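# Turn this into a model:
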Amino acid sequence: MEKLTIVIQDAPYGSERVYNALRYASALLAHQVAVNIFLLGDGVGVAKGNQKTPTGYYNTANMLGELVEKGVKVKT
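Got it, this is the predicted structure:
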């Protein structure tokens, strides 16, 4: 099985980079690729619980939680 590590170092909101990284991780899982996510710098905020999600954005903590349930390993 192939394995890929995604490094997220952007804040959870303000751009679509984090959202796209999490969607990419989900797509990789669907293709039987093992995924690790490394949260670095501002990226640690992606995992923060009870986020007040800005209008028009997805809750990154919820998205990350769903990926963890599917077997993604997350490190900080």
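# Pull out the buried positions in stretch 5-24.
Neighbour counts using 16 or more other Cβ atoms under 10 Å place I6, I8, D10, A11, P12, Y13, V18, Y19, A21, L22 of stretch 5-24 among the buried residues. Bear in mind the C-beta positions are built from the backbone N, C-alpha and C, glycine included.
# need those in CSV with secondary structure, distance to Q32 and pLDDT, can you?
Listed next are those as CSV, based on DSSP: H, G, I helix; E, B strand; the rest coil; distance: Cβ to Cβ, whole Å; pLDDT from 0 to 100:
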residue, secondary structure, distance to Q32, pLDDT
I6, strand, 16, 98
I8, strand, 22, 98
D10, coil, 27, 97
A11, coil, 31, 95
P12, coil, 28, 94
Y13, coil, 31, 94
V18, helix, 24, 97
Y19, helix, 23, 96
A21, helix, 19, 98
L22, helix, 18, 98
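# Excluding covalently adjacent residues, which one is nearest to N59?
Of all residues not flanking N59 in the chain, T53 sits nearest, at 4.6 Å (Cβ to Cβ, 6 or more residues apart in numbering).
# tell me the SS of the one you found?
Counting by DSSP: H, G, I helix; E, B strand; the rest coil, the backbone at T53 sits in coil.
# Show me where this structure has its helices.
17-30, 60-69 (DSSP state H).
# Columns distance to M1 on top of those helices, output as JSON lines?
Formatted as JSON lines, the helices of the chain follow (distance: least, Cβ to Cβ, whole Å):
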{"stretch": "helix 17-30", "distance to M1": "11"}
{"stretch": "helix 60-69", "distance to M1": "16"}
